[in-house]
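Colleague: I would like to see how this sequence folds:
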Amino acid sequence: MVSIVQRDNPVLREHAADVPPADIPTPRIQKILRDMKAALHEQDDGVAIAAPQIGVPLRIFVVSGRAFDLEEDEEEEPTPRETKHHDLVFINPTITRLSKKRRWLPEGCLSVRWLYGKVLRSEKTTVHAYDETGKPFTRGASGLLAQIFQHETDHLNGVLFTDKARDVEHLEPERLKKSKS
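Modeller: Residues are numbered from 1 along each chain as shown. Take a look at the predicted model:
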């Protein structure tokens with residue numbers, strides 16, 4: 001099983017390298033995608049992961065299908081590890097548009113356990129990337145997905161959310177559950 005690296009690992013501070021589009025279908029890149037998905041799905045609270053978070057300095061991130069479920073129904077708690085949607089893969093993502101309207105949003109990170117804070121993020125964003133088959137696509141988003149796109153792109157540029165956050169606090173899982181009630 002692949003581990004998620006933590007904030008003291010230097011790979012998290014590197015500017016990740018582009019994946020040559022011709023390499024996307026290769027066994028090496030496909031294995032990295034499988035490893036990223038497996039690591040993400042092992043986390044009950046994870047909605048996305050970037051390749052540097054598993055120690056691979058490449059410009060790839062995966063958004064869990066859970067994130068789409070959360071966007072659809074913020075009232076209902078999703079069942080851990082179950083989703084109605086497929087994971088979405090972004091290879092060589094480029095943010096092509098950010099809305100001027102921004103908000104301070106709560107954020108955490110699988111590589112910065114158990115710190116949480118608020119980060120100023122654009123409410124809407126558009127990303128251009130390649131999917132896991134090498135096909136280019138553009139995806140717009142608002143709300144949680146826009147926040148995820150920005151957070152994961154930061155990872156690919158060697159930036160952690162704590163570099164931008166205010167009101168950072170340490171919440172162990174027990175305290176986190178209590179604060180949500």
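Colleague: going forward, measure contacts and count neighbours with C-alpha atoms only.
Modeller: Will do.
Colleague: Spell out for me which residue occupies the centre of the chain.
Modeller: Nearest to the geometric centre of the chain sits A48, at 3.3 Å (Cα atoms, centre = their mean).
Colleague: So for it, what pLDDT did the model give?
Modeller: Looking at A48, its pLDDT is 97.
Colleague: what do you get for L120?
Modeller: pLDDT, L120: 98.
Colleague: surely it meets K101?
Modeller: No - in this structure, L120 is not within contact of K101 by Cα atoms under 8 Å, at 10.0 Å.
Colleague: Would you mind telling me which of those two has the busier surroundings?
Modeller: More crowded of L120 and K101, by other Cα atoms under 10 Å: L120, with 16 against 9.
Colleague: which non-adjacent residue is nearest that one?
Modeller: Nearest non-adjacent residue to L120, counting by Cα to Cα, 6 or more residues apart in numbering: W104, 4.3 Å away.
Colleague: for L156, same thing?
Modeller: Excluding its sequence neighbours, the residue lying closest to L156 (Cα to Cα, 6+ apart) is A16, at 5.1 Å.
Colleague: if I pick that neighbour, what's in contact with it?
Modeller: Applying Cα atoms under 8 Å, 6 or more residues apart in numbering, we find A16 in contact with P52, P57, L58, R59, L156, N157, G158.
Colleague: rerun that using 10 Å as the cut-off
Modeller: Residues in contact with A16 (Cα atoms under 10 Å, 6 or more residues apart in numbering) are 50-52, 56-60, 92, 153, 155-158.
Colleague: Tell me how far the residue nearest to the centre of the chain lies from P27.
Modeller: Computed as Cα to Cα, to the nearest Å, the A48 to P27 distance reads 22 Å.
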